[in-house]
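In: here is the input, now give the coordinates:
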Amino acid sequence: MVDRQHVFLIPGFFGFTSFGELSYFAHVRRALEGEAARAGLKVAIHDVAVPPTASIRARARALLAAVAKVGGTAAPIHLIGHSTGGLDARLLVSPGVSLGDGGEGVDPGELERVAARVRTVLTVATPHRGTPAATFFRTIFGRQLLRVLSLATIVVLSAGPLPVAALATLARITRRLDRELGLAGGLLHALEEQVLRDFTPVRRGELVAFLEQVGAESALVTQLAPEGIDLLNAGIGEREGVRYGSIVCCARRPGLGALLRVGPSPTALASHAVFAALHRIAGRAQGLTPDLFEPAQLAALRVGFGAVPRPSDNDGVVPTLSQPWGRVIAAVWADHLDILGHFDAERLVPPHHDWLSSGTRFGPRPFDEAWRRAFGFLAI
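Out: Numbering: from 1, shown residues only. Below is the predicted model of the structure:
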């Protein structure tokens, strides 16, 4: 047996690995390290920094550079990508892929040496068939909203819920998604200033720099639209000897039942209003039918959800039927960041904070079970 194997954790759309004490994959790392310890295996786990909204090709180059820096020349590699990170992983290992772009050359020999060491690609809530949310975020207003949602995500995951006033403003904006966009855009700018005001100058500078990256690089948004992903899938293939698997997520639909699960808190209700708007956008998927999937994939979806999800079912960002790829190792009721451990569970260390109140009620037990399966799938 090889002395040590390497697991690389690739973040999704927002692309950060850490802000201060906040780590995107902190809870996933804890779960995987616990499984490795129980199995008596030596596993090195690495977080990968990728440009947040750059093209999938640029993100795959960053992944290549991160993997090439560690792990020697023969140690097996396992790639776990959340959301867009799953597409980065698939592109990296695609036979004959070219990652050079914009004057940045990539040594084909180094790329092949790295890709040949990959044993597993595990994708988590990944838009393998695109997401309508990307189509919306291509609009001028959508790009403004994406910037604020990026900021809100970082703040919520690190410090807990936004103030009620800020959440109420964001909820009011999302109700205006299809009208009064000029007014809503002004409110978004004011909301961003309100949230940033509470940070130290140093942390504020870090956040602003990250948000500038989100605003400056928009190639990824175009590529994640269904028509962009269709082109990607036509051009990349699977590598022989690599195991492909997926964790598939579905949030409970907004409605009276979800509101009752969220509870009467004004903060939770405002947060749920934002989630409901995002769920509506992501639910505009077309062409996602059961005949796209193998019988084993459909069976796994039925086990997890009780039935094959509808095209409009999603996790708040990605349609559920866009997520299966390879073997479906877990199909779970969770929103887009629940599956990373970002749900309310204050007693855990580091504490969990919910991204948005979806009312799905994902918790520690299904989280641990999903990542136990994930570790078993890695074939370490």
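
In: okay, CA-based contacts and neighbour counts for the rest of this
Out: Will do.

In: in space, what's closest to the residue sitting nearest the centre point of the chain - neighbours in sequence excluded?
Out: Residue closest to the mean C-alpha point of the chain, counted by CA atoms, centre = their mean, is residue 83 at 3.2 Å. The shortest distance from residue 83 to any non-neighbouring residue, by CA to CA, 6 or more residues apart in numbering, is to residue 126 (3.9 Å).

In: that neighbour - how many residues pack around it?
Out: A count of nearby residues for residue 126, using other CA atoms under 10 Å, gives 31.

In: how near is it to residue 321?
Out: 10 Å (CA to CA, to the nearest Å).

In: could you do residue 99 as well?
Out: For residue 99, the distance to residue 321 - CA to CA - is 28 Å.

In: more neighbours: which of those two?
Out: A count of neighbours by other CA under 10 Å puts residue 321 above the other of residue 99 and residue 321, at 30 against 20.

In: any figure for the gap between that one and residue 314?
Out: 8 Å.

In: show me where the stretch 101-250 of the chain has its helices.
Out: Along the stretch 101-250 of the chain, counting by DSSP state H, counting those that start in this stretch, helices occupy 108-116, 132-137, 140-159, 164-174, 181-196, 201-216, 219-224, 226-235.

In: surely residue 339 meets residue 368?
Out: No. Assessed by CA atoms under 8 Å, residue 339 is found out of contact with residue 368, at 9.6 Å.

In: burial of residue 143, as a residue count?
Out: A count of nearby residues for residue 143, using other CA under 10 Å, gives 19.

In: actually residue 303, not the one I wrote
Out: 14.

In: out of everything not next to it in sequence, what's closest to it?
Out: Residue nearest to residue 303 in three dimensions, not counting chain neighbours: residue 331, with 7.7 Å by CA to CA, 6+ apart.

In: from the contact counts, what lies against the helix or strand harbouring that neighbour?
Out: Assigned by DSSP states H and E, residue 331 falls within strand 327-333. If contacts are counted by 3 or more CA pairs under 8 Å, 6 or more residues apart in numbering; DSSP states H and E, strand 327-333 sits against strand 243-250, helix 295-305, helix 364-377.

In: quick one: the residue nearest to residue 83 from residue 38, how far?
Out: Applying CA to CA to residue 126 and residue 38 gives a distance of 28 Å.

In: low-confidence ranges, the stretch 101-250 of the chain, go.
Out: For the stretch 101-250 of the chain, the stretches with pLDDT under 70 are 101-105, 140-141, 147, 150, 152, 154-165, 167-219.

In: let's go with 90 and repeat that
Out: Residues of the stretch 101-250 of the chain meeting the criterion pLDDT under 90: 101-110, 133-225.
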